[in-house]
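*Asks:* here are the coordinates; sequence isn't available:
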């Protein structure tokens, strides 16, 4: 009888531990579901903004997890986002090129200014020498 009671108590402890572990797993799943719902809401808001900007009617947001959302034309949105990303990258590259060109032109202006100053001083000395020679 004592062995059976001990066996029942150990099984009871195992079941309690299993219940706690299962409860933790359920809470983790609930947290994951909430994260996914938040990500879906964020995507929904972006797609709704795109639809508005293109003049399409704004659909009602579904109840996430219980209703299926209407088609968001994901492929169309992805193509548009990719095109905008390519354009942004080309604009960044163009901006970097322009900044480099401006820096190069700044250096060129500085060197040309230094050369012009040097040439002016040489011209001044030549003029003085010429006047000195004429006066002799």
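*Replies:* Thanks, I have it. Just so it is clear, the model here is predicted, and its values are computed rather than measured.
*Asks:* low-confidence bits of this structure, can you list those?
*Replies:* 61-76 (pLDDT under 70).
*Asks:* tell me which residue is most central in it.
*Replies:* residue 85 (9.9 Å; C-alpha atoms, centre = their mean).
*Asks:* now the helices for this protein?
*Replies:* Using DSSP state H, the helices of the chain run over 2-53, 74-135.
*Asks:* and residue 60, which of these is closest to it?
*Replies:* Closest to residue 60 of these, according to C-beta to C-beta: helix 2-53, at 10.1 Å. From N, CA and C alone the C-beta is placed, and that goes for glycine too.
*Asks:* mind giving me the packing neighbours of the closest one?
*Replies:* When contacts are defined as 3 or more C-beta pairs under 8 Å, 6 or more residues apart in numbering; DSSP states H and E, helix 2-53 sits against helix 74-135.
*Asks:* thinking again about what came up before, the residue nearest to the centre of the chain: what's it in contact with?
*Replies:* The contact partners of residue 85, by C-beta atoms under 8 Å, 6 or more residues apart in numbering, come to none.
*Asks:* that one and residue 78, how far apart?
*Replies:* 10 Å (C-beta to C-beta, to the nearest Å).
*Asks:* same question, residue 118
*Replies:* Going from residue 118 to residue 78 by C-beta to C-beta gives 60 Å.
*Asks:* do the same with residue 3
*Replies:* Distance of residue 3 to residue 78, given as C-beta to C-beta: 66 Å.
*Asks:* got it, and residue 109?
*Replies:* Taken as C-beta to C-beta, the span from residue 109 to residue 78 is 46 Å.
*Asks:* what do you get for residue 131?
*Replies:* Noted for residue 131: a distance of 79 Å to residue 78, by C-beta to C-beta.
*Asks:* and what of residue 134?
*Replies:* Taken as C-beta to C-beta, the span from residue 134 to residue 78 is 82 Å.
*Asks:* look at the two and report which has more neighbours.
*Replies:* residue 78 (10 against 7; other C-beta atoms under 10 Å).
*Asks:* thanks again, I'm all set now.
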